[in-house]
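# Build me a structure from this.
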Amino acid sequence: MTTTTTTRTNETDDTRQQQATAIALALSATHDPGWIAEPRNDTGDQKLVRANGSGPDFWLNHHDEKSGPRLTINVLWPRDPDTYQVYTPSDRDRRGATIDITVSATKSPAQIAGDISRRLLPDARRLWWEQRDRLANHRAYEQQTAATMARVAQETGGTVRNAGLWWPSTPDGAPYVWLTQVSGDRINLDLRSLSAEQAIAIIKLLHSPCAWHNGNNGPCTCSEP
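Sure, this is the predicted structure:
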């Protein structure tokens, strides 16, 4: 019994893989070049993948309904390779857009390819690229934040640890600084245990023209180089 069930499962998987391959070929030949079919996972489902990575991939999910075998095609959204976070469009972004379709699994590969090209690809491509841009912007932001933290640590004798900055311990009662947030190239600091003279000196420094040296908030008007 087990051998028979396994054989039928393998035959089904082979049939679905052949169908996915034929759909990919039909898409590439008549609608949108560069598609290949790949096994999705150990469930027997398949993926339609852009060989050149220039657009959305799709999941092919087979299921049975009273009307007969059906095939649902879903967008495979961009995923952060480090955190595995999936970037999907918000309800507001996808309002009225088509991000999945269901067709009869008995249609020919050319017909299914036509449904994908006509009903799914226009919205899916636009929304996928928007999410790809979101992912790229987030990764650039994270890299800039890490570079800022590394620079501050290097120039102040601190250490980057547990996504934060740490400095050597100071004597009890001595002033100390706590870096509360690094966001891209901007930094929030919490200065504590300052004397009035120290606080006044820091405030004067921050509000002096020289504070804008090498900054982005305006030209320096003092005589310092």
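# any idea how the chain splits into domains?
2-143, 151-212 (automatic domain parsing).
# Considering those domains, which stretch scores lowest in mean pLDDT?
Per-stretch mean pLDDT for those is lowest at domain 151-212 (a mean of 76).
# ok, Gly158 - contacts?
Residues in contact with Gly158 (CB atoms under 8 Å, 6 or more residues apart in numbering) are 152, 165-167. In this view, the C-beta of every residue, glycine as well, is placed from N, C-alpha and C.
# now do Leu60
Applying CB under 8 Å, 6+ apart, one finds that Leu60 lies in contact with 16, 20, 23, 40, 45-48, 71-73.
# please redo it, this time with the cut-off set to 10 Å
For Leu60, the contact set (CB atoms under 10 Å, 6 or more residues apart in numbering) comprises 16-17, 19-20, 23, 37, 40, 45-48, 71-74, 105, 112, 116.
# Same question for Thr148.
165, 182-187.
# One more: Leu179?
Neighbouring residues of Leu179 by CB under 10 Å, 6+ apart: 149, 152-153, 156, 158, 164-167, 187-190.
# Just to be sure, it is in a helix?
No - counting by DSSP: H, G, I helix; E, B strand; the rest coil, one finds Leu179 to be strand, located in no helix.
# returning to what we had before: which of the contacts of Leu179 tops the neighbour count?
Of all the contacts of Leu179, the highest neighbour tally under other CB atoms under 10 Å goes to Leu165, namely 20 neighbours.
# what ranges do the helices span in this protein?
With DSSP state H applied, the chain shows helices at 2-30, 109-115, 121-156, 196-207, listed in chain order.
# for these, which one ends up most surrounded?
With neighbours defined as mean count of other CB atoms under 10 Å, those peak in mean count at helix 109-115, which reaches a mean of 19.
# what's in contact with that helix?
Helix 109-115 is contacted by residues 18-32, 35, 48, 60, 71, 73, 101-108, 121 when judged by CB under 10 Å, 6+ apart.
# now that helix: how far from the chain's centre is it?
Averaged C-alpha coordinates place helix 109-115 at 30 Å from its chain's average position (CA atoms, centre = their mean, to the nearest Å).
# Spatially central residue in this protein, please.
For the chain, the residue sitting closest to the mean C-alpha position, by CA atoms, centre = their mean, is Leu135 at 3.3 Å.
# Now Ser54: closest residue in space, sequence neighbours ignored.
Gly34 (6.8 Å; CB to CB, 6 or more residues apart in numbering).
# list the contacts for that neighbour?
Gly34 makes contact with 24, 27-28, 49-55 under the criterion CB under 10 Å, 6+ apart.
# Generate the PyMOL command that creates a selection of the buried members of the residues you listed.
What follows is the PyMOL syntax for the buried subset of those, where burial is set by 16 or more other CB atoms under 10 Å:
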select buried, resi 24+27+28+49+50+55
